[in-house]
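# Sequence and predicted model, in that order:
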Amino acid sequence: MPVDELDTRILRLLLEQPRTSVREYARILGVARGTLQARLDRLERTGVITGTAPALSPAALGHPVLAFVHVEVTQGHLDEVGDALAAVPEIVEAFSITGGGDLLARVVARDNAHLEDVVQKLISMPGVVRTRTEVALRERVAHRLLPLVESIGRPARG
């Protein structure tokens with residue numbers, strides 16, 4: 001679904017001012033509230049907007065350690081291991097991947113000892129062959145989508 005210039009402006013506002021009302025967004029953008037609501041509904045329906053939940057900080061919730069765990073899985077057991085990963089609260093994301101390993105999990109922990117406990121839990125899961133863990137030292141680029149949205153919303157140059 002192509003994102004046009006108005007969609008880009010709407011998405012920018014949602015990212016920069018997420019707690020603003022639809023009425024205020026419409027006022028800022030200079031469009032009718034009904035137009036804005038129709039655009040928001042379409043962006044949600046087509047999967048561009050996937051949620052409105054607040055962004056939470058694992059560090060502020062007492063889990064400042066961030067690690068990426070590569071999980072190698074016994075052939076044919078990817079789904080079962082993926083389901084088992086979903087049951088571990090410290091795993092905040094997991095992806096099937098190519099390259100070194102079959103799954104990549106983003107794991108948060110209270111400290112390094114807690115991280116080791118989580119990794120040991122992963123290793124003991126049926127279907128897990130081995131893991132490889134990389135600890136994040138410092139975030140260099142925070143999760144962001146605005147630069148992508150802006151690049152998509154630019155008019156094409158001929």
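That came through fine.
# residues in contact with the nearest residue to residue 10 once chain neighbours are set aside?
The shortest distance from residue 10 to any residue other than its chain neighbours is 5.7 Å, reached at residue 39 (C-beta to C-beta, 6 or more residues apart in numbering). Quick note: C-beta positions are derived from backbone N, CA and C, even for glycine. Contact criterion C-beta atoms under 8 Å, 6 or more residues apart in numbering gives 6, 7, 10 as the residues in contact with residue 39.
# And residue 39, how far from residue 146?
As defined by C-beta to C-beta, to the nearest Å, residue 39 lies at a distance of 17 Å from residue 146.
# before we move on, what about residue 104?
25 Å.
# higher neighbour count, those two?
When residue 104 and residue 146 are compared on other C-beta atoms under 10 Å, the one with more neighbours turns out to be residue 104, at 18 against 13.
# Dig out what the more buried one forms beta bridges with.
The residues listed as beta-bridge partners of residue 104 by DSSP bridges are residue 70, residue 95.
# coming back round to it: JSON lines for the contacts of residue 39, including distance to residue 85 and secondary structure?
Compiled in JSON lines, the contacts of residue 39 are given as follows (distance: C-beta to C-beta, whole Å; DSSP: H, G, I helix; E, B strand; the rest coil):
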{"residue": "6", "distance to residue 85": "39", "secondary structure": "helix"}
{"residue": "7", "distance to residue 85": "34", "secondary structure": "helix"}
{"residue": "10", "distance to residue 85": "35", "secondary structure": "helix"}
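# Can I get the buried part of these as one ChimeraX selection?
Of these, the buried ones go into a single ChimeraX selection, burial set by 16 or more other C-beta atoms under 10 Å:
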select :7,10
